[in-house]
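Enquirer: Quick one, what's the 3D model for this:
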Amino acid sequence: MTEYNGATLRSKKARVLSSLYDYTSNIAGEKGLSSTRGVAASTAATLLSMGITKLEAQELARNENLQLSIEDAELIEGMALSAEDYQQQKGKEQAHFMDRFMERLIDNTIPKDSPDAQLLQERIKDPSRSEKKPLSLVLLVSNLKRTSLKMGGFFRLQYGLIHILTWRNQAKTLFTLVVYTSVCLWPHLVVCFPLLILLFGVILPHYLLRHPMDLPEILPVKKRGQSFFQFFTESQNSSLLSDYLNVGTSTIDEAQLCDSSIISGTGTMKSSDEISTRPSSVAESAAPDESNKKDKTKIIKSQVSLLMNMRDLQNLTTDLLDSLEKGETLATDILSFKNERLSTVVFFIVVLLTLVVFFLGQFIPWKLIFISMGYIVLSVLHPGAKDVIAALSKGQNKSKSQAAPKIIVPKAKPGQFLESMEFENIIVDNEPDTRVVEIFELQAKDIFKHEWSLFAYSKRIYDWKDPVRLSGRYPHGVNHLRKVLPPKEWKYDFGYASNWFIDTDPISFITDRRLDQTHLSVREEDMDTEGWIYDNIPLDQENVKEFRRRRLYRTCYRYARPVDKIKFA
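Expert: The predicted model follows:
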């Protein structure tokens, strides 16, 4: 282990750390890796050495009177002569604290000539791994939480397979057998089924969501008796897989208990045999110490591997979640009819491919296609292919740049190429859905006056039998027509600020709505022009205000519902 001279450090904190480092280093040297105390002392010495290195960098920056950060001071202190050593030192110093801690822990605890130490060092210094984010518990927990939210689809698939295998749903099990037989007889259906799922599971549901169909209302009918299919398929017994899953936990526990008891008994017998037949040679007495040392080395190796696996899991979940989010965005832009023409083109392409694969699939050389696709994909992913692709693109851009000025093109987003294409042959002429919105204009006047004044624009007719009026409350409404908004997802006709129409046939309105005409009246002078419906208050009722109302209506349109984002889970 490296020795630090505490006398060279001026600060009291540095001297204390140096003395503690010497003490822990001595304990680690005396005890070694054969004891738990020696492993703990080695770990403490590693942490203290990293703290002393930080303090030395701070002292160097203070002596030079430079306003440098700790990282800059460490970089200046460890500056190498050659460019290669400089890059290595820079990458080493910029490593995360956990990587530096694991590197020094390996140096202090695992022998350098051990193959395990070399493998761990190569993994820590891997350039592709060093470019990733360092270990962060906050990011790791966040990724695990987001992953758990995205795992719903996988869990549904798991339980769905269990239900099919255990015949919990007989229809699905028989359908699975039919599909499996069809795939075995016609392998090209492996390509056809995903297209059908894409067509009927993603594209058509989102189209119906944007443009819903007018379905007739059907009265629900209760299930009567048992179906003919259930009579032959229903059974009171459970599946073997269900029995295995139900008793699997207890069986494993019993097996583990038996194994542990056997192991403990064997160990006891072995120890007694060793006591009775133990020789007095020095070589055999040192064997347990070597085995303990190897066990401690394995423990340290597993702990270091655990930390590195946690970091790799964090970065893996980050990449996985980013890929899922990009895939959801791309699928939403292309398949959810956000762009009507683009989604329509994709729909026709999927239908055409489905028909071609379904009817002509047995005449297509699938083996040659899949082999060619594999070679093409691997060739494109080869590192040497980047130069070829760059040369080809540079040759095409060179001819264009000679005729036109250089234009900086921003980086294209996924799916932007398809969205930028103009499909002029696709005509989207869906008629918008129409709906009539009505509101009642309420006017009031005192019984001792003759002037009517606006009371509110309300959804309630507010007649004498209205529950709100009977309770002595006023109806909820607004004081201007521009505050009357259309229903959600609907819009008024364009070009008119207040295109409201008056219902000039109030008698038909009262008859169609089956309103009580006892306390409502229509005057002849307002029948064809104003459309007012007046209160017909009984004389024996005390009332200080009289109301009249008329129906206003307006047409609103809905061209399409908002886009529903496609989610993979």
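Enquirer: Give the buried residues for the one helix or strand Pro205 maps to.
Expert: Using DSSP states H and E, Pro205 falls within helix 204-210. Under the neighbour-count criterion of 16 or more other CB atoms under 10 Å, helix 204-210 has His206, Tyr207, Arg210 buried. No exception for glycine: its C-beta is placed from N, CA and C like everyone else's.
Enquirer: Using pLDDT, spot the least trustworthy of these.
Expert: Looking at the buried residues of helix 204-210 by pLDDT, the weakest one is Arg210, with 85.
Enquirer: Please enumerate the helices of the stretch 251-400 of the chain.
Expert: Per DSSP state H, counting those that start in this stretch, the stretch 251-400 of the chain carries helices over the ranges 282-285, 287-335, 340-360, 366-381, 385-403.
Enquirer: Redo the ones you listed as TSV? Include mean pLDDT.
Expert: Output for those, formatted as TSV (pLDDT from 0 to 100):
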stretch	mean pLDDT
helix 282-285	45
helix 287-335	77
helix 340-360	91
helix 366-381	86
helix 385-403	71
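Enquirer: Now tell me what touches the helix holding Pro205 from outside.
Expert: Helix 204-210 has contacts (CB atoms under 8 Å, 6 or more residues apart in numbering) with Leu335, Ser336, Phe337, Ser343, Phe347, Ala560, Arg561, Val563, Asp564, Ile566.
Enquirer: If I look at the second one, what pLDDT would I see?
Expert: The reference is to Ser336. Reported pLDDT for Ser336: 88.
Enquirer: list the contacts for it?
Expert: His206, Arg210, Ser343, Val563, Asp564, Lys565, Ile566.
Enquirer: hey, where'd the strands end up in the stretch 401-550 of the chain?
Expert: 433-446, 453-458, 477-478, 491-492, 501-502, 520-521, 533-535, 545-558 (DSSP state E, counting those that start in this stretch).
Enquirer: Pull the last one out as CSV, backbone CA atoms only.
Expert: As requested, the backbone C-alpha atoms of strand 545-558 are provided in CSV (Å, rounded to 0.1, in the frame of the first residue of the first chain):
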residue,chain,number,x,y,z
LYS,A,545,-90.8,38.4,-10.3
GLU,A,546,-92.1,37.1,-13.5
PHE,A,547,-89.9,35.3,-16.0
ARG,A,548,-90.0,34.7,-19.7
ARG,A,549,-87.6,32.6,-21.8
ARG,A,550,-86.8,31.6,-25.3
ARG,A,551,-84.7,28.9,-26.9
LEU,A,552,-81.5,29.8,-28.7
TYR,A,553,-79.6,27.2,-30.7
ARG,A,554,-76.4,27.0,-32.6
THR,A,555,-74.6,24.3,-34.7
CYS,A,556,-71.2,23.1,-33.6
TYR,A,557,-68.8,20.8,-35.3
ARG,A,558,-66.2,18.2,-34.5
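Enquirer: Now for Asp333, how many residues are close by?
Expert: 21 (other CB atoms under 10 Å).
Enquirer: If you could redo that for Leu17, that was the one I meant.
Expert: 21.
Enquirer: Just to check, it is in contact with Thr53?
Expert: No - counting by CB atoms under 8 Å, Leu17 sits too far from Thr53 to count as a contact (10.2 Å).
Enquirer: Against Leu208, how distant is Arg558?
Expert: 14 Å (CB to CB, to the nearest Å).
Enquirer: related to what we said a few turns ago, just name the most buried of the strands of the stretch 401-550 of the chain.
Expert: Of all the strands of the stretch 401-550 of the chain, strand 533-535 has the most neighbours on average by mean count of other CB atoms under 10 Å, namely a mean of 20.
Enquirer: That one pairs with which strands?
Expert: strand 520-521 (antiparallel), strand 545-558 (antiparallel) (DSSP bridges).
Enquirer: Now tabulate the strands of the stretch 401-550 of the chain in TSV and tack on distance to Val191 and mean pLDDT.
Expert: Converted to TSV, the strands of the stretch 401-550 of the chain look like this (distance: least, CB to CB, whole Å; pLDDT from 0 to 100):
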stretch	distance to Val191	mean pLDDT
strand 433-446	37	90
strand 453-458	59	91
strand 477-478	58	90
strand 491-492	43	86
strand 501-502	56	90
strand 520-521	68	86
strand 533-535	66	88
strand 545-558	38	89
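Enquirer: Now render those as a markdown table, adding distance to Asn143.
Expert: As requested, these are arranged in a markdown table below (distance: least, CB to CB, whole Å):
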| stretch | distance to Asn143 |
| --- | --- |
| strand 433-446 | 43 |
| strand 453-458 | 52 |
| strand 477-478 | 48 |
| strand 491-492 | 41 |
| strand 501-502 | 57 |
| strand 520-521 | 66 |
| strand 533-535 | 64 |
| strand 545-558 | 40 |
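Enquirer: Could you point out which of the ones you listed sits nearest Cys192?
Expert: strand 433-446 (34.6 Å; CB to CB).
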